[in-house]
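Peer 1: Predicted model and sequence below, questions to follow.
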2 protein chains.
Amino acid sequence: MATNKISVTTLGEKLRVLREEAELSLREVASEIGIDTSLLAKIERNERQATKEQIKQMALFFKVSERQLVKEFLSDQFAYKMIEEEADLDTLKVAEAKVEYYKTKYKK
Amino acid sequence: MATNKISVTTLGEKLRVLREEAELSLREVASEIGIDTSLLAKIERNERQATKEQIKQMALFFKVSERQLVKEFLSDQFAYKMIEEEADLDTLKVAEAKVEYYKTKYKK
DNA sequence: CCATCTTGGACTAATTTTGTACAAAGCTAA
DNA sequence: TTAGCTTTGTACAAAATTAGTCCAAGATGG
């Protein structure tokens, strides 16, 4: 039986992998994106959050799906909050119900 | 067959219900909690977020579970973000996986 | 050693959030 | 109508958070 290997990864880790696969330095990517090297380093280590604009540019630059990066970004944020607040896991279920509820309520 | 009535409600709505059930005015509850009337009004209408401290005091004052209010608070936030970003619903599943992952990884 | 990459800290600037004050609008009862 | 209450809305100041830069210091590899 193959081990069920799920890769749980943060946005920062993912960006670092993308950069390393492209064999580029922080400086190179940072200047491409238009930010300071040390800011990119922090983003990769999840010490700073990427902005929407930066995520978009990363997606463009590395030719990956922006939607996927945003998903990573948001799920990071949510997970972080959950742990920080020591919230019940089903808080996320409640959130899901709310999203569905508001989507049907104010549908479009 | 009974209708499966799930009440999806925001923290603000819940606080308003609690206050109205207690037949108190905004002014009365606000002064009890130590904030301005108009701030409480905004919190009830979800135009402002309650702080942790305020949530704790509300729970104490209305004699309800703080944990439950926090759950409402966080799920509101998450749902709001999800809708704002037009994120895929499974973003929340990913978040759940991350929480579980980090909990086992840095267990305690 | 030098050159380049990465990390970390200190700091400022910009943005967001919190909270208040007060005016306006709604209700209700006299 | 007026008086007295509640609630809403706006404008603003204060406080807190976050974004970003600069630069020094470690690491690594020639």
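Peer 2: Cool, got the structure. Quick caveat: nothing in here was measured; it's all calculated off a predicted structure.

Peer 1: what about the residue nearest the centre of chain A, which SS state?
Peer 2: The centre of chain A sits closest to residue A:73, judged by C-alpha atoms, centre = their mean, with a distance of 2.3 Å. Put simply, residue A:73 is helix when judged by DSSP: H, G, I helix; E, B strand; the rest coil.

Peer 1: what about the residue of chain A found nearest DNA strand D, distance to residue A:73?
Peer 2: In chain A, the residue that lies nearest DNA strand D is residue A:36 (3.1 Å; C-beta to the nearest atom of the strand). Using the backbone N, CA and C atoms, a C-beta is placed for each residue, glycine as well. The gap separating residue A:36 from residue A:73 is 20 Å, by C-beta to C-beta, to the nearest Å.

Peer 1: again, but for residue A:64
Peer 2: 13 Å.

Peer 1: could you list every residue that touches the residue nearest to the centre of chain A?
Peer 2: Going by C-beta atoms under 8 Å, 6 or more residues apart in numbering or on different chains, residue A:73 touches A:11, A:49, A:50, A:55.

Peer 1: what about 6 Å?
Peer 2: residue A:11 (C-beta atoms under 6 Å, 6 or more residues apart in numbering or on different chains).

Peer 1: Test my guess that residue A:76 contacts residue A:10.
Peer 2: Yes - assessed by C-beta atoms under 6 Å, residue A:76 is found in contact with residue A:10 at 5.2 Å.
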